[in-house]
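Peer 1: curious how this folds, go ahead:
(one chain, ligands or ions: 1)
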Amino acid sequence: MSTHRGGCHCGNLRLTLRLTQSPDRVRLRACGCSFCRANKTRTASDPNGAVEIWADNWDDVSDYRFGTATADFVICRRCGIYLGAKCETPEGTRMVVNTNCLEDRAAFSGAPAPTDHDGESVESRIARRAANWTPTVVHR
Ligand SMILES: [Zn+2]
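Peer 2: Next up is the predicted model:
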């Protein structure tokens with residue numbers, strides 16, 4: 001397991017990401033949705049890893065939703081940094097993390113693979129996240 005710490009710019013939001021692969025081997029994704037294209041995200045997930053997330057003040061955290069409104073885009077309202085997307089699935093809370101918010105972001109050196117899930121049904125979307133995204137504990 002490799003452990004990566006990160007958070008937003010102002011320090012309100014903090015997270016740890018545990019991965020079963022070293023960061024240079026993790027498959028990065030450049031999601032093709034309109035939000036991620038605007039933010040140039042590079043996301044990672046690991047169904048056998050773990051995410052924990054904390055905030056000093058959850059009132060300063062936005063859970064932005066759009067499209068099918070099945071994922072919360074976790075954004076700090078104070079500094080605007082995007083941490084990742086969170087989804088409630090039948091298997092529990094799952095998240096993809098924006099590796100740009102990690103302290104060792106440069107270690108994630110793979111080329112992000114473009115992904116596009118437009119046209120996917122809500123059911124298959126949630127099933128895919130339950131299978132592929134990272135089990136998450138939200139401390140709130
Ligand atoms: Zn912040």
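Peer 1: the ion contacts on the protein?
Peer 2: 8, 10, 12, 76, 78-79 (CB under 5 Å from the ion). Using the backbone N, CA and C atoms, a C-beta is placed for each residue, glycine as well.
Peer 1: which secondary element of the protein has the worst mean pLDDT?
Peer 2: Lowest by mean pLDDT, DSSP states H and E among the helices and strands of the chain is helix 34-39, with a mean of 87.
Peer 1: one step back: could I get the residues of the chain next to the ion as TSV with pLDDT and secondary structure?
Peer 2: Below are the residues of the chain next to the ion laid out as TSV (pLDDT from 0 to 100; DSSP: H, G, I helix; E, B strand; the rest coil):
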residue	pLDDT	secondary structure
Cys8	98	coil
Cys10	98	coil
Asn12	98	coil
Cys76	97	strand
Arg78	97	coil
Cys79	97	coil
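Peer 1: rewinding a little: can you pull the buried residues of the least confident helix or strand of the chain?
Peer 2: Within helix 34-39, the residues scored as buried using 16 or more other CB atoms under 10 Å are 35-36, 39.
Peer 1: Ser62 contacts Arg78, doesn't it?
Peer 2: No. Ser62 is beyond contact range of Arg78, at 10.1 Å (criterion: CB atoms under 8 Å).
Peer 1: residue boundaries of the helices in this structure?
Peer 2: Counting by DSSP state H, the chain has helices at residues 34-39, 122-132.
Peer 1: what is the distance between the longest one and the centre of its chain?
Peer 2: Relative to its chain's centre, helix 122-132 lies at 15 Å (CA atoms, centre = their mean, to the nearest Å).
Peer 1: just checking, what packs against it?
Peer 2: strand 82-89 (3 or more CB pairs under 8 Å, 6 or more residues apart in numbering; DSSP states H and E).
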